[in-house]
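Participant: Okay, sequence plus prediction incoming.
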Amino acid sequence: LQMEHELRKALSSGQLEVFYQPRLDLHSKRIEAVEALVRWRHPEHGLIAPGQFIDLAEETGLIIPLGEQVLRQACQQTHQWRQAGEADLRVSVNLSVKQLRQGNFVSLVRQVLEETGLAPERLELELTESQLLDDIDNAINICRQLRALGVQLAIDDFGTGYSSLSYLKRFPVNYVKIDRSFISELDLTDEGAAIARAIIAMVHALGLKAVAEGVEIQAQMDFLAAQGCDEVQGYLLCKPVEAARLLEFIRAHG
Ligand code: G
Ligand code: G
Ligand code: MN
Ligand code: NA
């Protein structure tokens, strides 16, 4: 209860901050996208990771105003980088299925894009497999409307749910983000490599792009590049950092 009260206060007093983690395009060798990841800058406890408050936000429904703040901040920042000629990026924002179930989510996205000036194709929305499967027809319907706006969609944590070809085909998504548990197994076992290779092939067979998460060592990146994986994200490149640090990283790495 105390924590819920604190989180409400955080929402109303601007304590939530968006960090960014770069995504390297393995074809162009450039940072073409960043993932927006929320942090709570608490006045006494310092920086708090989302693992500590996202579940509470989900349970209390606070994920709806929280998600809206993150979406607005991420779109605003990304557009501002482009306007200033500092970086030309796509930004991916994590969604909760509760946000999708809000009656007016598609209009909210349209409104945020208009307000911030960000081009729709510069916004990507990430949903996890399990959340999409929860209410499949509604999810497909809303995903279609978001795609019609020009927004890109990604399935996050792929491989941790049913991971079936048939449902992947039904969702109008652009990107599949391979869960980091598969990437960490890559160099350990032949089986790990076979699974990663199979997921990339499946994603490509459907005409979608594969993104590997949690890339921590060069050998993983080399393997993924050899398999034609489209993008990588992980500590090897950069951890999630605040906006100013992200810009420094982009300046140094292109
Ligand atoms: O940044 P970090 O690795 O600590 O994130 C932990 C988890 O919190 C991840 O699963 C991530 O998807 C989730 N998360 C981070 N930011 C957001 C957000 O803005 N909205 C939602 N719904 N989840 C988020
Ligand atoms: O569930 P989602 O994919 O949105 O989670 C992203 C989370 O993964 C972020 O909290 C981020 O801090 C974390 N993360 C990003 N890169 C790495 C990595 O290379 N290794 C590990 N273990 N976690 C990572
Ligand atoms: Mn994510
Ligand atoms: Na993920």
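Facilitator: Received it, and whenever you're ready, just let me know what you need. Numbers count the residues shown, from 1 in each chain. Ligands and ions are numbered 1, 2, ... in the order given.
Participant: Centre of the chain to the lengthiest helix in the chain, how far?
Facilitator: When the chain is parsed with DSSP state H, its longest helix is helix 63-83. Put simply, helix 63-83 sits 13 Å off its chain's centre (Cα atoms, centre = their mean, to the nearest Å).
Participant: start the count at 366, not 1, going forward
Facilitator: Will do, 366 is the new start, and the previous item becomes helix 428-448.
Participant: So is that helix next to ligand 3?
Facilitator: No: Helix 428-448 lies out of reach of ligand 3 by Cβ under 5 Å from the ion, never closer than 11.7 Å. (C-beta placed from N, C-alpha, C; glycine too.)
Participant: Need the phi and psi values for Phe523.
Facilitator: phi -60, psi 140 (degrees, to the nearest 10).
Participant: So which residues of the stretch 516-619 of the chain form strands?
Facilitator: 517-523, 540-543, 574-577, 596-597, 606-607 (DSSP state E, counting those that start in this stretch).
Participant: In the longest helix of the chain, which residues are buried?
Facilitator: Using 16 or more other Cβ atoms under 10 Å as the test for burial, helix 428-448 gives 428-429, 431-444, 446-447.
Participant: Output it as CSV, restricted to C-alpha atoms.
Facilitator: What follows is helix 428-448, C-alpha atoms only, in CSV (Å, rounded to 0.1, in the frame of the first residue of the first chain):
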residue,chain,number,x,y,z
ILE,A,428,0.5,0.7,-15.7
ILE,A,429,-2.0,2.7,-17.9
PRO,A,430,-0.8,6.2,-16.8
LEU,A,431,2.8,4.9,-16.5
GLY,A,432,2.7,3.4,-20.0
GLU,A,433,1.3,6.7,-21.4
GLN,A,434,4.1,8.7,-19.7
VAL,A,435,6.7,6.4,-21.1
LEU,A,436,5.2,6.5,-24.6
ARG,A,437,5.0,10.3,-24.6
GLN,A,438,8.5,10.8,-23.2
ALA,A,439,10.0,8.3,-25.7
CYS,A,440,8.3,9.8,-28.7
GLN,A,441,9.2,13.3,-27.6
GLN,A,442,12.8,12.5,-27.1
THR,A,443,13.2,10.6,-30.3
HIS,A,444,11.6,13.3,-32.4
GLN,A,445,13.8,15.9,-30.6
TRP,A,446,17.0,14.0,-31.5
ARG,A,447,15.9,14.0,-35.1
GLN,A,448,14.9,17.7,-35.2
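Participant: I'm done for today, thanks for sticking with me.
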